[in-house]
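Okay, predicted coordinates and the sequence, questions at the end:
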Amino acid sequence: MAIIGIDLGTTNSVLSIYEGGKPVVIANAEGSRVTPSVVAYTENEGTLVGDMARRQCLVNPLGTIYSIKRFMGKRYDEIPESERKSVPYETCDQLNGDLGVRIHGKIYSPSEISAQILSKFKTCAEQFLGKPVTEAVITVPAYFNDAQRRATQVAGEIAGLKVRRIINEPTAAALAYGVDQDKDEKVAIYDFGGGTFDISILELGGGVIEVLATNGDAHLGGDDIDQAIADWLFDRFKAENHMDIRGDAMIAQRVREAAEKAKMELSSMVTTEIYLPFLTADASGPKHLRANLSRAQLEAMMQPLVQRSLDCCKRAFDDAGLKPSDVAEVLLVGGSTRIPLVQAEVERFFGRKPNHSLNPDEVVAIGAAIQGGVLSGEVNDIVLLDVTPLTLGVKANGGLMVPLIDRNTTIPVKKTKLFSTTVDNQESVTIDVYQGERQFAEENRFLGQFELSDIEKAPRAVPQIEVSFDIDANGVLRVSATNKKTNKNESLVLMGAGGLTDDEIRSAIADAEAARDADEKRKNLQVARNKAESLNLSNARMLREQSALASEDLIKKTKDLLERADMTLNKDDATLEDYESLSADLSACSCEWHELVYAKEKEERERAEAEQRAQQQAQDPSANQGDSGTQA
């Protein structure tokens, strides 16, 4: 069964297949190897995809959707209004809390719109192969979260494709680069596409491709460069004509297309003229837009965007424990890497010229086709080891984040930890799942929650609750909790249970690094408080249950300590020293109680053994006499 590979891009998408021992890019019905990621809903011609949709966007701006990938798996309230410019912003709407697009009175989800592109590719592949196609490998940005990956899977399902694997775009590019390479080396994949940016550091060798670290920005790409030029044009027109034309969808589309064209021209020219005649009109007559844009002006607009990509590169190398000089090759992926400024800044950062040997538009799809060949059995000498981008864990007592799977852990992976109850006779526990790098759970992204009930009544910390995190090769997370005594199990599959916002993805690690010292102090304080609270409860239970064994001095000492503990644990400004001093005194007191309990248990055990011997002797008096005779 053929498994097609699809690079579902923000600006353009590419279809490929592994056939005859090599990956092949499949042209679309119009004869092009690259298909614009544009979908148009028309009243007369139905749904149009690709070049046909793009050609009619000027006359149907509110029915033509582009760059929908940026909104895959996103909730409506996660996207600032200013960022909805990537789709016709008048059409943004809510669909069960998620972002949807209203067209001709109907609301479409991003998955439904993306499915139109995948459906076109399914038809193209079937025409190329002459047989049905039902399975696919689809690529996504490395920093796509659970909701975004699940939305991509849903798009495939809507298109009639079983998505066999979701793989990261930089990893797919590494597959395309490494399939014919016999070298053992580290490479960096710098993927600056139309809507997203990714950096991945990989190690190639012996047919194994291992991702060492990944980082990225899910809202950084060529679209942002286009928008920067468009904003410059809007501002220039307003200054010259005292008219703000941003709100007209048809005008905005013309300006955006002119901005994209200017960007492309400035990759080979030092200056370009932008001319849009009859853009609008007022009482004085028609208004035209004419402007000259130089490469230097464009680079000034782009510099902050390129710097954001380099900041991601720095974080990836820090995570991998490497320096830019440690990589043997820097591979450029994505159409935006054709821009001279991007190439120059990449060369400056890495200290070497980047590798241009692969077509930046097709390399990701080729890698997806190779992965399809691996899954179908046609390729058997490549092993792909990908990673998860952010730490996953649960909320523990005191609000601490307990990591189970650290960021940049190779997937698929399963990790397990034991937890317990925090109060006596607790009959249920709630498992709160979070994603992020901060040490306190509430400062990370909440993913989901479920409850494990019917726990046997027992003192705190006695029941054993095993929590497991299991991430499959597609990055989909399954969380389960099992009562070790009863084997009762509850689980939660996190496939689109709310994703990180773009800002949260971009700043999650940066915030953690900036706040590491403060977080460490707060963590130590909370750990010390938890220890003191545990010892306090232990002493209180001893006083309640074993007071008959203790002297008046020990009882008074314990009561005084419990009062002091109550004051300290309820004091807002208690310090680490306060908790440590309290814990030391509570621990010493607890030892005295345990000595009494152990002494009582020893006495009862010796008495029970003596009674047992006496009963045996009473039942068989000759046994001891016989023994004595034998010894004599």
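Thanks, I have it.

just checking, what packs against the longest helix seen in the chain?
Using DSSP state H, we find that the single longest helix of the chain is helix 576-619. On a contact count with 3 or more C-beta pairs under 8 Å, 6 or more residues apart in numbering; DSSP states H and E, helix 576-619 meets helix 516-546, helix 552-569, helix 621-631. Quick note: C-beta positions are derived from backbone N, CA and C, even for glycine.

C-alpha coordinates for stretch 219-227, CSV please?
Output of stretch 219-227 as CSV, limited to C-alpha atoms (Å, rounded to 0.1, in the frame of the first residue of the first chain):
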residue,chain,number,x,y,z
HIS,A,219,4.0,32.4,14.4
LEU,A,220,7.1,33.6,12.5
GLY,A,221,7.5,33.3,8.8
GLY,A,222,7.3,34.9,5.4
ASP,A,223,3.8,36.0,6.0
ASP,A,224,5.1,38.4,8.7
ILE,A,225,7.5,39.9,6.2
ASP,A,226,4.7,40.4,3.7
GLN,A,227,2.6,42.0,6.5
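
In that stretch, which residues are buried?
Applying a neighbour-count criterion of 16 or more other C-beta atoms under 10 Å, one finds 219, 220, 221, 222, 223, 224, 225, 226, 227 buried in stretch 219-227.

What is the nearest of these to residue 41?
Nearest to residue 41 among these: residue 223, at 20.9 Å, using C-beta to C-beta.

For residue 378, see how far away the closest one is.
36 Å (C-beta to C-beta, to the nearest Å).

Next: residue 555.
78 Å.

With neighbour numbers in mind, choose between those two.
Applying other C-beta atoms under 10 Å to residue 555 and residue 378 shows that residue 378 carries more neighbours, namely 15 against 12.

quick one: the more buried one from residue 33, how far?
Per C-beta to C-beta, residue 378 is found 22 Å from residue 33.

got it, and residue 357?
Residue 357 sits 18 Å away from residue 33, going by C-beta to C-beta.

go on, residue 298?
27 Å.

What about the residue nearest the centre of the chain? Give its phi and psi, please.
The structure's the chain has its C-alpha centroid closest to residue 145; by C-alpha atoms, centre = their mean the separation is 3.5 Å. For residue 145, the backbone dihedrals (degrees, to the nearest 10) come out as phi -90, psi -170.

isn't residue 559 right up against residue 543?
Yes: using C-beta atoms under 8 Å, residue 559 is in contact with residue 543, at 7.1 Å.

Any stretches of the stretch 251-400 of the chain with poor pLDDT?
Counting by pLDDT under 70, the stretch 251-400 of the chain has low-confidence residues at 381.

nope, the chain is what I meant
78, 80-90, 95-97, 179-182, 381, 474-475, 493-520, 621-632.

Show me the helices in it, by range?
For the chain, the helices defined by DSSP H occupy 51-55, 110-129, 146-158, 169-178, 222-241, 249-265, 295-320, 340-350, 363-376, 502-514, 516-546, 552-569, 576-619, 621-631.

Pipe the ones you listed into CSV and attach distance to residue 487 per row.
Converted to CSV, the helices of the chain look like this (distance: least, C-beta to C-beta, whole Å):
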stretch, distance to residue 487
helix 51-55, 55
helix 110-129, 37
helix 146-158, 28
helix 169-178, 38
helix 222-241, 51
helix 249-265, 59
helix 295-320, 38
helix 340-350, 53
helix 363-376, 34
helix 502-514, 36
helix 516-546, 27
helix 552-569, 36
helix 576-619, 31
helix 621-631, 45
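
I'm done for today, thanks for sticking with me.
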